[in-house]
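Colleague: Next one to model:
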Amino acid sequence: MQTVPRLNIEGQTLRLLPQKAMLWEETNTLILADLHLGKASHFRREGINISPGCGEKDLQVLKALLESHKPTEVLFLGDLFHSSLNKEWDIFCEYLHDFPEIKFRLLKGNHDILPTCSYIDAGLEVIQGLLTKGPFLFSHQPEKGATGSVNICGHIHPGVNLQGLAHQSLQLPCFYFENRTLFLPAFGNLTGLYIMKPTKKTQVYVVTGEKIISVEF
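Modeller: Numbering: from 1, shown residues only. Just a heads-up that it's a prediction; the model follows:
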């Protein structure tokens, strides 16, 4: 295992962040996927006991990233808001309005079902479908057969199962690079994990909470 804060892909530098986001250094773009804001309120409305502060904690992490890295652009790779409108959306809009100098863009995912006017009022530019920029093809779900570009996507919520010498195991989120597709971990903390099955050709970068570690399988 070794710490890997940066990847060089197609001559571009992607800095992997322990907050489960990524900074494309050449364009000063912060990239993250699957916040699923509003999910806590949605669960509580369905009678499931979820702490009311979960969504705001994710927003506090996002705000800290914006303040520390000062990106010129933020690209959300879908599933920004999990639910119909609730108070968590209003809190999110307040956070965005604190950063008028940043361009916020949303590549819509399957959970992004709010009215278009809600995104516009929040100051978001909405992208339907795919976004090609430089050597990268950005999408919410992985794009099979995407030739000539490296596909960067979310949706999967990738994680891996790590085995210890004493047969203990630990499941952690990860950045997962395979077949020219880079899967980003889910930014939100109420998302769960889909456990991947790496091969020797897979590059896995585990998020420990404090750093990013390259793991071989």
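
Colleague: Buried residues, stretch 23-34. List them.
Modeller: Buried positions in stretch 23-34, judged by neighbour count with 16 or more other Cβ atoms under 10 Å: 23-24, 27, 29-34. For glycine as for every other residue, the C-beta is placed from the backbone atoms N, C-alpha and C.

Colleague: Reformat those residues as TSV; add pLDDT, distance to H157 and secondary structure.
Modeller: Shown next, in TSV, are those (pLDDT from 0 to 100; distance: Cβ to Cβ, whole Å; DSSP: H, G, I helix; E, B strand; the rest coil):
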residue	pLDDT	distance to H157	secondary structure
L23	98	20	strand
W24	98	21	strand
T27	98	25	coil
T29	98	21	strand
L30	98	19	strand
I31	98	16	strand
L32	98	13	strand
A33	97	9	strand
D34	96	6	coil
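
Colleague: ok, which stretches of the protein are helices?
Modeller: Here the chain has its helices, by DSSP state H, at 39-45, 54-69, 87-97, 116-122.

Colleague: Any idea which of the ones you listed gets closest to I212?
Modeller: helix 54-69 (14.4 Å; Cβ to Cβ).

Colleague: helices or strands up against that closest one?
Modeller: Helix 54-69 is packed against strand 29-32, helix 39-45, helix 87-97, with contacts defined by 3 or more Cβ pairs under 8 Å, 6 or more residues apart in numbering; DSSP states H and E.
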